[in-house]
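1. what's the 3D shape of this:
(chains A and B)
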Protein chains: 2
Amino acid sequence: MSKEAIVLFAHGARDPEWAKPARRVTEELARLCPEAWVTLAFLEFMSPSLEEAVDAAAASGVESLRVVPLFLAQGGHLKRDLPVLLEAARSRHPACRIELVTAVGEDEGVVRAMARCAAGL
Amino acid sequence: MSKEAIVLFAHGARDPEWAKPARRVTEELARLCPEAWVTLAFLEFMSPSLEEAVDAAAASGVESLRVVPLFLAQGGHLKRDLPVLLEAARSRHPACRIELVTAVGEDEGVVRAMARCAAGL
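-> Numbers count the residues shown, from 1 in each chain, chains lettered A, B, ... in the order given. Now for the predicted structure:
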């Protein structure tokens, strides 16, 4: 049983193919963090929801959970929708420390990788 | 005058701060490709539009233009909206070769960078 969880939080879409890159990030993250309980959750259209993912992690005994938004930037979803979801999750699981980090698109390494991709490098 | 253009194509949002990471990608891309005409365009809410960006590039004498979607994955916007915009742009500028590449989020280097960011590395 793992005590730490990392929940990748993506927007979701009606098209099942949309989630492919997010699933590849999830696989790569699980490879980088073999001790962690790693999962992918969605805001809408796809499952599990963030609520379901957090509940499953807490039920499995996770004590510390990091939510990582798979978004290019902080927009309305992260500024308005996500805090409400996290507040509710913290109320349901007071024994689990739930931390939110910044959107992956704001990370310097991700910015550089996107620029290199765009440059065809 | 540069003969090649790279247009980063992002979704856009009402919140001006949303565009910050996309602008950082644009700056980094311009640094990597100093010979290219590099710009950032948006699907909605922000300007310039893709139409405006392509028209400006063509007017400046660009002969080859690459559109790089700053999206995490191919969803409805890239599968339905973007082809229509590109077809119209090609009709307006038959002398300019307009190429579309895959969404940056599908690039292996970007996937790895997102996973490393999520892992806190």
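
2. For chain A, just list every one of the helices.
-> Shown for chain A, the helices assigned by DSSP state H span residues A:20-32, A:50-59, A:76, A:82-92, A:108-119.

3. what are the C-alpha coordinates of the second one, in PDB please?
-> Written as PDB, here are the backbone C-alpha positions of helix A:50-59 (Å, rounded to 0.1, in the frame of the first residue of the first chain):
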ATOM      1  CA  LEU A  50     -11.300  14.000  -9.500                       C
ATOM      2  CA  GLU A  51     -13.800  13.200  -6.700                       C
ATOM      3  CA  GLU A  52     -13.700   9.500  -7.600                       C
ATOM      4  CA  ALA A  53      -9.900   9.400  -7.900                       C
ATOM      5  CA  VAL A  54      -9.400  11.200  -4.600                       C
ATOM      6  CA  ASP A  55     -11.900   8.900  -2.800                       C
ATOM      7  CA  ALA A  56     -10.200   5.800  -4.200                       C
ATOM      8  CA  ALA A  57      -6.800   7.000  -3.100                       C
ATOM      9  CA  ALA A  58      -8.000   7.900   0.400                       C
ATOM     10  CA  ALA A  59      -9.800   4.500   0.700                       C
END
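
4. and it, does that touch chain B?
-> No - judged by CB under 8 Å from any CB of the partner chain, helix A:50-59 makes no contact with chain B; its nearest approach is 14.0 Å. C-beta: built from backbone N, CA, C; applies to glycine.

5. Show me what counts as buried in that helix.
-> Going by neighbour count (16 or more other CB atoms under 10 Å in any protein chain shown), the buried part of helix A:50-59 is A:50, A:53, A:54, A:55, A:56, A:57, A:58.

6. How about residues contacting that helix?
-> Contacts with helix A:50-59, where a contact means CB atoms under 8 Å, 6 or more residues apart in numbering or on different chains, come from A:5, A:7, A:9, A:37, A:39-43, A:48, A:65, A:67, A:82, A:85, A:88-89, A:92-93, A:95-96, A:98.

7. what angle do it and helix A:82-92 make?
-> Orientation of helix A:50-59 against helix A:82-92 (axes from the mean of the first three to the mean of the last three CA atoms, to 10 degrees) gives an angle of 30 degrees.

8. could you give the mean pLDDT of helix A:50-59?
-> The pLDDT scores in helix A:50-59 average 97.

9. Ramachandran coordinates for residue A:70?
-> In terms of degrees, to the nearest 10, the main-chain angles of residue A:70 are phi -90, psi 70.

10. and stretch A:37-56, how far apart are its ends?
-> End-to-end distance for stretch A:37-56, by CA to CA, to the nearest Å: 10 Å.

11. Throw the helices of chain A into JSON lines and include distance to residue B:71, thanks.
-> Shown next, in JSON lines, are those (distance: least, CB to CB, whole Å):
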{"stretch": "helix A:20-32", "distance to residue B:71": "9"}
{"stretch": "helix A:50-59", "distance to residue B:71": "21"}
{"stretch": "helix A:76", "distance to residue B:71": "17"}
{"stretch": "helix A:82-92", "distance to residue B:71": "19"}
{"stretch": "helix A:108-119", "distance to residue B:71": "10"}
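
12. Of these, which shows the lowest average pLDDT?
-> Note on those: helix A:76 shows the lowest mean pLDDT, a mean of 86.

13. now check that helix, is it near chain B?
-> Yes - residues of helix A:76 are located near chain B by CB under 8 Å from any CB, namely residue A:76.
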